[in-house]
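Engineer: Pasting a predicted model and its sequence here:
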Amino acid sequence: MFITPHFLTGAAIAVAIDKPELAVPLALASHFVLDAIPHRDTIGEEHITPENLLLKLVDGFTALFLFFLFVPSGLRIYAFLIGAVALLPDIVALPTLIWPRLKKGILAPFQRFHVDFLQSRFPDTIDWFWGLATQVVIVAADLVIISMR
């Protein structure tokens with residue numbers, strides 16, 4: 001799943017729930033729920049390519065642009081932190097893309113669940129339209145929730 005739906009879902013949770021003791025676990029759980037939805041977030045099979053790095057860069061800037069455009073200024077710090085919590089599983093998994101040996105260490109159970117179980121169920125051949133459409137719908141729903149505040 002792209003950065004934008006994960007981050008904005010976390011921000012939407014923060015806007016809707018002002019109790020961090022509820023928002024933090026919900027944001028973390030939202031990451032795994034979203035990853036269980038069929039999606040595409042890479043070009044080709046390899047994660048680290050110039051095309052995918054550019055894709056992630058544009059994705060990150062899109063997430064920040066929409067965040068600052070829609071999240072009320074008084075909630076931005078809290079919503080940013082909860083949005084970051086929603087991204088945390090990908091942040092933890094990132095080093096395993098660079099150093100594959102980490103997949104067998106302390107991160108092995110997490111890697112098996114997050115990447116090998118949730119994400120590997122969707123082949124890289126999934127149609128880009130449907131792989132992107134699910135994420136656009138999620139982002140739209142997040143923006144509606146955020147705008148209701």
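Structural biologist: Happy to help now that I have it.

Engineer: what about Leu75, distance to Ala16?
Structural biologist: 10 Å (Cβ to Cβ, to the nearest Å). In short, each C-beta sits where N, CA and C put it, glycine included.

Engineer: Between the two, which contacts overlap?
Structural biologist: Arg149 (Cβ atoms under 8 Å, 6 or more residues apart in numbering).

Engineer: tell me, how many neighbours does the closest residue to Pro72 other than its chain neighbours end up with?
Structural biologist: Leaving aside its sequence neighbours, Pro72 sits nearest to Arg149 (Cβ to Cβ, 6 or more residues apart in numbering; 5.8 Å). By other Cβ atoms under 10 Å, 14 other residues sit near Arg149.

Engineer: wouldn't Arg149 be in contact with Val15 here?
Structural biologist: Yes. The pair Arg149 and Val15 passes the contact test of Cβ atoms under 8 Å, sitting 4.7 Å apart.

Engineer: got any residues that touch both of these two?
Structural biologist: Shared contacts of Arg149 and Val15, counting by Cβ under 8 Å, 6+ apart, come down to 72, 75.

Engineer: which residues does the residue nearest to Pro72 contact?
Structural biologist: 15-16, 72, 75.

Engineer: Give the buried subset of the residues you listed as a PyMOL selection command.
Structural biologist: Selection of buried members from the contacts of Arg149 for PyMOL, criterion 16 or more other Cβ atoms under 10 Å:
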select buried, resi 15+75
